[in-house]
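**Student:** make a model of this:
(2 chains)
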2 protein chains.
Amino acid sequence: MSSAIKTAYEVTADDEAAAGQFAERIALEQSAELPKQSALNQPHPVPLGDVQSVRQISGTRYRIEILFPAELFGDDRLQLINVLYGNVSLLPGIRLVEVDWNAVGEMFSGPGFGIDGVRKQMQIFNRPLSCAALKPIGLSANELVDLFYQFGRGGFDLIKDDHGLTNQQSAPFEERLESCRVAAEEVQQERGQPIAYVPNVTGSPDEVRSRLELCSKAGLRFVMLSPHLSGLESLTWPQEFGLGVLAHPAFSGSMVIQAESGIAPWLLYGEIWRAFGADGVIYPNAGGRFVLDEKDCDALNQAVRNPELPWKLGWPVPGGGIQRETIGEWISRYGNDTIFLIGGSLYEAPEGLERASASFTQTLKQQGES
Amino acid sequence: MSSAIKTAYEVTADDEAAAGQFAERIALEQSAELPKQSALNQPHPVPLGDVQSVRQISGTRYRIEILFPAELFGDDRLQLINVLYGNVSLLPGIRLVEVDWNAVGEMFSGPGFGIDGVRKQMQIFNRPLSCAALKPIGLSANELVDLFYQFGRGGFDLIKDDHGLTNQQSAPFEERLESCRVAAEEVQQERGQPIAYVPNVTGSPDEVRSRLELCSKAGLRFVMLSPHLSGLESLTWPQEFGLGVLAHPAFSGSMVIQAESGIAPWLLYGEIWRAFGADGVIYPNAGGRFVLDEKDCDALNQAVRNPELPWKLGWPVPGGGIQRETIGEWISRYGNDTIFLIGGSLYEAPEGLERASASFTQTLKQQGES
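**Tutor:** Alright, predicted model coming up:
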């Protein structure tokens, strides 16, 4: 049985008294969901959120700490998430910023491979990893495989599907999988260095599981999933098939783009996804098309690789805003235990995909090993 | 095969030119996910979002319409959701407000019962329905059943679990199901009017399915699910077991509480949930503890009961802010095809739960039939 779980939220309130009332309200909303008097007036004591502290952090912003008894969630992971942020997701001005996972560590398996396991799979021990993306939707499996060869011969370690590639008629899942499997084996042979095709398996549970089985039989190492489309629990399945998993943020953004509401990005992507099993967490890098700033990204990287959490360490997978010219700076900032995801920018390179890939991955290797 | 799907977003932009650029960016982000030139420079044309119009609606707010080709999603419901709001969920200042479901109607089953089917199950044809909630977590199955009897003898039509009741040791799912099933049969016999116990079945897919099977075997009519915890696809499963389903908004709120970002509440709750199979959509009523206003609620009610969408009509299930004294006004505003959900407030009634319930449900019946 898990023990009580310590949490912290940041809330907006006019003064400390109001912040205290807000804290009491959250503690009740996320436990008994009854008015205080009714919650206390039960045949016997029932588990209630317990406000531990209220502290001003700036102007109208307060940090509140609440302890939730384990009886509220038992051994149910989704119910724990419900206690942390179920109904209060409907309230503005409250952001979940901290969870003490050590109390509930055994409820979650964490990453199956983690940083060390992925390094072992890829036989790369002293530098960051590189990842490219196959796109756009509408290309045939053969055309996508042509891209795969160019990225692969250009030195990329991982080559993933675009998160929108599912089972479209243009490139059905099984056909894509078989073509990329063959290409990966060929490129691996050529270059004498492992390469991993990472197919997107987002779908209904039955689809995800049948695709995971196909991936496992094809000898693949990793898959990609969008847990906010297929459900957080879907992150736990690749491990059952001996596969690692990169988690993609599609459909999750509303939770992290509000500075004063939602869930802090480092907590959702770096800790919750890692808890559910993500070996790598894909996130929109600072300087790219989306809104996380460098502080958010640093905090996320730290969270997903935090050795004090009760699971294997996960990989940050920043995407966006990374070019050959800037990769050195990003490696200095983010460190070697990072998978750098290059999306659309390579497709624009005048020298062609393979040469642009080679130039990028060479720079990454040199900078990473230096 | 579905055809192209028309969508509308509202975006924040300084002027019409900027709004037009934003629109192009969304159209590309949600299709090729490549820079424009790369998207056009493919071996053959690929499906791209196509901006149909850009129109100022107020100050810095613009309505943009985008057509997405069916080749982007094929017959995959989650991939359609991904096209509608996958990556752009990570952008502030953009809100999905309209989807033309008629083009993709056959991809979704919609509600299994709908308004007529639920009325037939409940044998109530000329008034709104009432729903009470069993809580708090921590009570035993016997103690929850005691509440069930009081609500049932007090005249409630539906009695649902709190959305936090899963399989806690205090009241394990199977024990709760069996106790409430017996109580429902007894109360139904006493009062000669159907009563429905609506258990919460939110969980992992395996848990949800095994609980749906238990519910079906127990002769239940309805269950409750939180689709943002268990995954949108989970809303499609109760129908396979002959069960209707109420959808609960836990963990979904970040999407609907931002006026300028996310998904409009009527669209997420009233249309997307209905498409996936919700017979009833539970939402935080105006005047309750959360933030939807009366205009949002009216629009949501209209959406879930919109006869022009290609599915059976669903029930709005407003919760919060409804008392015996005000139920008449809410019925006038929301109409008879509404399930009024009474949460914590009855628990505070000095006259006791059964008498307070009777007073509320009597008023609802009189006002609804008048």
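**Student:** so chain A: which segments form each domain?
**Tutor:** Listed by automatic domain parsing, the domain ranges of chain A are A:5-107, A:114-369.
**Student:** mean pLDDT added to those, as a markdown table?
**Tutor:** Below are these laid out as a markdown table (pLDDT from 0 to 100):
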| stretch | mean pLDDT |
| --- | --- |
| domain A:5-107 | 96 |
| domain A:114-369 | 96 |
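**Student:** please identify the most buried of those.
**Tutor:** domain A:114-369 (a mean of 21; mean count of other C-beta atoms under 10 Å in any protein chain shown). In this view, the C-beta of every residue, glycine as well, is placed from N, C-alpha and C.
**Student:** ok so, going back, turn the domains of chain A into JSON lines, columns for distance to chain B.
**Tutor:** Shown next, in JSON lines, are the domains of chain A (distance: least, C-beta to the nearest C-beta, whole Å):
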{"stretch": "domain A:5-107", "distance to chain B": "3"}
{"stretch": "domain A:114-369", "distance to chain B": "3"}
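**Student:** for residue B:240, which of these is the nearest?
**Tutor:** If you check each of the domains of chain A against residue B:240 by C-beta to C-beta, domain A:114-369 wins as the nearest, at 11.3 Å.
**Student:** quick check: end-to-end length of that closest one?
**Tutor:** 21 Å (C-alpha to C-alpha, to the nearest Å).
**Student:** ok, for residue A:87, nearest residue in space, not its chain neighbours?
**Tutor:** Of all residues not flanking residue A:87 in the chain, residue A:29 sits nearest, at 5.3 Å (C-beta to C-beta, 6 or more residues apart in numbering or on different chains).
**Student:** what of residue A:368?
**Tutor:** residue A:127 (3.1 Å).
**Student:** make TSV from the domains of chain A and add distance to residue B:73 to it.
**Tutor:** Listed next are the domains of chain A as TSV, based on distance: least, C-beta to C-beta, whole Å:
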stretch	distance to residue B:73
domain A:5-107	27
domain A:114-369	7
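**Student:** closest to residue B:302 out of the ones you listed?
**Tutor:** Across those, closest to residue B:302 is domain A:5-107 (C-beta to C-beta), at 20.5 Å.
**Student:** whichever strand or helix holds residue A:84 packs against which elements?
**Tutor:** Following DSSP states H and E, one finds residue A:84 within helix A:77-85. If contacts are counted by 3 or more C-beta pairs under 8 Å, 6 or more residues apart in numbering or on different chains; DSSP states H and E, helix A:77-85 sits against strand A:5-12, strand A:94-99, helix B:227-230.
**Student:** need those in TSV with distance to residue B:152, can you?
**Tutor:** What follows is the helices and strands packed on helix A:77-85, written out as TSV (distance: least, C-beta to C-beta, whole Å):
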stretch	distance to residue B:152
strand A:5-12	35
strand A:94-99	35
helix B:227-230	27
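**Student:** right, and those - which one's nearest residue B:63?
**Tutor:** Across the helices and strands packed on helix A:77-85, closest to residue B:63 is helix B:227-230 (C-beta to C-beta), at 26.4 Å.
**Student:** now do the phi/psi pair for the residue lying closest to residue A:151 once chain neighbours are set aside.
**Tutor:** Excluding its sequence neighbours, the residue lying closest to residue A:151 (C-beta to C-beta, 6+ apart) is residue A:132, at 4.2 Å. Here is the backbone geometry of residue A:132 (degrees, to the nearest 10): phi -110, psi 170.
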